[in-house]
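Visitor: Next come a sequence and a model predicted from it.
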Amino acid sequence: MPQNLKSWTNKLRRILLAIFNFGLCALLLSTPAQALSDGQQLVLESWKLVNDGYLEPSRFDKIQWRKLRQQALEKQISTSEDAYEAIEGMLLPLGDPYTRLLRPKDYEAMKASNLGSEINGVGLQLGARAEDGQIVVIAPLEGSPAADAGIVSGTAVLSVNGQSPKNLGLEATAARLRGEIGSEVLIELQPPNGPSEEITLERRSVDLRPVRTRRLRNETHTLGYLRITQFSEGVPQQVIEALQELAEKNIEGLVLDLRNNSGGLVSSGLAVADSFLSNAPIVETKNRDGISDSIPAGIESLYDGPMVTLVNGGTASASEILAGALQDNDRSQILGSKTFGKGLIQSLTSLSDGSGLAVTVSGYLTPRGRNIQNLGIEPDRVLDTPEPLNPGSTDDRWLHDAELLMEAQLDRQNLEEASSQEPSSDSADKVASSINTLVNPIAPITN
């Protein structure tokens, strides 16, 4: 064979081989859906949902997002559990504990919680600590084994039945705390200001009862007390009914209690905010493109009377949206301690096999542009520690302080109205004396 022909043939062979290899790689990277197993399709389905909606797409290049997809597909996926592990391995480098897979059982439990029904478990609402990703307690559910054991907000969960939450992840840790009524779980905890300890909790059915209300009466005033422990689907309607009931009791002011409310459905939180605000901004959201979307309240509010709001470290997400809106619109003073600081919103999508995928799709800012993520909301008045362990109970000091402040606000309002009508000096002195009597007991409260 002539040398030039042989050289040309070798070149052609190398070109064809390169084309073949390129085509093979392209085939592997874009395998048709119909050629994939059910487990592989689930991986691709999850990858696409994150790829199309995740709040910070700039993360993708840093973690080689497309390569992670391919690595997941190359794994042996013959069962649903194989697919779940492949998806979790693919999501892990994102470093976002709130973008996560929910296995079918966990997904059903989350949906049941959002519907406001009962759950079986120990009643711990969990989140990820900003500085190190440690799984911590946002709040215990009222009336739960966790609440009965005195577990407080900010407590780190070090192990569940000997397994590390850092290895399990947020959802798997929560799943291991749920279980059959009467069964037990061993948990190692690290309180915010104390040594680590192991406790055994017995799982039981916990009635969520997200909305609770009652009338607060004394010799001079009638107040309403409204406690919201989570924003599940039926909460807005329950709040409407509660406010109507309190209105029939002729309340003069309202104490709104959002302590240990870890959030829930953002739509429910917005609907509740609409009950207290009139034609005012509630929240501003920002998506992955940086586009801001301001969400305003309607023209008419359901309750426009005086109010104060209680928050603590267990106040998170949707409840922080509500607290921030009330504070920024000068609608309510915020009392208590700094909130948790979760300013991210997740979409929750059903996958083809009955599992679910939560994806962080946007962040939110208060009406005045404050970022809540990792920062929380600082109250207008910080209340004295230690924090009461039973919000709403008869020995709840913070609630008592809120009542005193609300009553002082009402008396001040009465004094201003009396002054505008040129009252006698005797009546003005009487009202002023009443204000001093109410304000002085709040002296321990620091600004």
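Guide: Sure, I can see it. Numbers count the residues shown, from 1 in each chain.
Visitor: alpha carbons only for contacts and neighbour counts from here, please
Guide: Will do.
Visitor: What is the neighbour count of Glu252?
Guide: Counted with other Cα atoms under 10 Å, residues neighbouring Glu252 total 17.
Visitor: no wait, Ser393
Guide: Ser393: 11 neighbours (other Cα under 10 Å).
Visitor: Name all residues that make contact with it.
Guide: Residues near Ser393 by Cα atoms under 8 Å, 6 or more residues apart in numbering: none.
Visitor: Which helix or which strand is home to it?
Guide: Under the criterion DSSP states H and E, no helix or strand holds Ser393.
Visitor: I'd say Gly336 and Val311 touch.
Guide: Yes - using Cα atoms under 8 Å, Gly336 is in contact with Val311, at 5.2 Å.
Visitor: Can you show me the strands along the stretch 151-300 of the chain?
Guide: Assigned by DSSP state E, counting those that start in this stretch, the strands in the stretch 151-300 of the chain fall at 156-160, 184-190, 197-202, 204-207, 211-217, 222-228, 253-257, 281-286, 292-296.
Visitor: which helices and strands does the third one pack with?
Guide: Pointing back at strand 197-202 there. Judged by 3 or more Cα pairs under 8 Å, 6 or more residues apart in numbering; DSSP states H and E, strand 197-202 is in contact with helix 145-148, strand 184-190.
Visitor: how about the ones you listed in TSV, adding mean neighbour count?
Guide: Formatted as TSV, those follow (neighbours: other Cα atoms under 10 Å):
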stretch	mean neighbour count
helix 145-148	19
strand 184-190	18
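Visitor: ok, which stretches of the chain are helices?
Guide: Taking DSSP state H as the criterion, the chain carries its helices at 3-29, 38-53, 58-63, 65-74, 80-91, 104-114, 145-148, 165-168, 170-177, 235-248, 266-276, 318-328, 397-420, 425-439.
Visitor: which of these is buried the deepest?
Guide: Across these, averaging neighbours per residue (mean count of other Cα atoms under 10 Å) puts helix 318-328 on top, at a mean of 26.
Visitor: can you give me how far that one is from the chain middle?
Guide: 13 Å (Cα atoms, centre = their mean, to the nearest Å).
Visitor: was I right about Leu302 contacting Ala273?
Guide: No - when contacts are counted by Cα under 8 Å, Leu302 is not listed as touching Ala273 (9.9 Å).
Visitor: Domain map for this structure?
Guide: Following the assignment in automatic domain parsing, the chain carries domains at 3-98, 118-207, 229-250+261-379.
Visitor: weakest of those by average pLDDT?
Guide: Looking at the domains of the chain, the lowest mean pLDDT belongs to domain 3-98 (a mean of 77).
Visitor: The longest strand that the chain contains vs strand 281-286, what angle?
Guide: Assignment by DSSP state E gives strand 356-365 as the longest strand of the chain. Angle, strand 356-365 to strand 281-286, by axes from the mean of the first three to the mean of the last three Cα atoms, to 10 degrees: 120 degrees.
Visitor: before we move on, back to that, neighbour-wise, which of Gly336 and Val311 wins?
Guide: Shown here are Gly336 and Val311; by other Cα under 10 Å, Val311 has more neighbours (29 against 26).
Visitor: where does the more buried one sit relative to Gly341, distance-wise?
Guide: Separation of Val311 from Gly341 (Cα to Cα, to the nearest Å): 12 Å.
Visitor: Equivalent analysis for Glu320, please.
Guide: Glu320 is 8 Å from Gly341, by Cα to Cα.
Visitor: what residues do the two have in common as contacts?
Guide: 372, 376-377.
Visitor: now, which of those sits nearest Val160?
Guide: Among those, Gly376 lies closest to Val160 (Cα to Cα), at 27.6 Å.
Visitor: who touches that closest one in this structure?
Guide: Here Gly376 is in contact with 320, 338-342 (criterion: Cα under 8 Å, 6+ apart).
Visitor: hey, what's in contact with both of Gly336 and Val311?
Guide: Shared contacts of Gly336 and Val311, counting by Cα under 8 Å, 6+ apart, come down to Pro379.
Visitor: gap between Arg331 and Gly39?
Guide: For Arg331, the distance to Gly39 - Cα to Cα - is 51 Å.
Visitor: CA atoms of stretch 207-227 as PDB?
Guide: Taking C-alpha atoms only, stretch 207-227 is exported to PDB below (Å, rounded to 0.1, in the frame of the first residue of the first chain):
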ATOM      1  CA  ASP A 207     -52.400  15.400  68.200                       C
ATOM      2  CA  LEU A 208     -51.100  18.300  66.200                       C
ATOM      3  CA  ARG A 209     -53.900  20.700  67.000                       C
ATOM      4  CA  PRO A 210     -52.200  23.600  65.200                       C
ATOM      5  CA  VAL A 211     -54.600  26.400  66.400                       C
ATOM      6  CA  ARG A 212     -55.500  27.000  70.000                       C
ATOM      7  CA  THR A 213     -57.300  30.000  71.500                       C
ATOM      8  CA  ARG A 214     -58.800  31.300  74.700                       C
ATOM      9  CA  ARG A 215     -60.000  34.500  76.400                       C
ATOM     10  CA  LEU A 216     -57.700  36.300  78.900                       C
ATOM     11  CA  ARG A 217     -59.600  38.300  81.500                       C
ATOM     12  CA  ASN A 218     -58.800  40.400  84.500                       C
ATOM     13  CA  GLU A 219     -60.500  43.300  86.400                       C
ATOM     14  CA  THR A 220     -59.800  45.900  83.700                       C
ATOM     15  CA  HIS A 221     -59.300  44.200  80.300                       C
ATOM     16  CA  THR A 222     -60.400  41.300  78.100                       C
ATOM     17  CA  LEU A 223     -57.800  40.000  75.700                       C
ATOM     18  CA  GLY A 224     -57.700  37.200  73.200                       C
ATOM     19  CA  TYR A 225     -54.900  34.500  73.000                       C
ATOM     20  CA  LEU A 226     -54.200  32.800  69.700                       C
ATOM     21  CA  ARG A 227     -51.500  30.200  69.500                       C
END
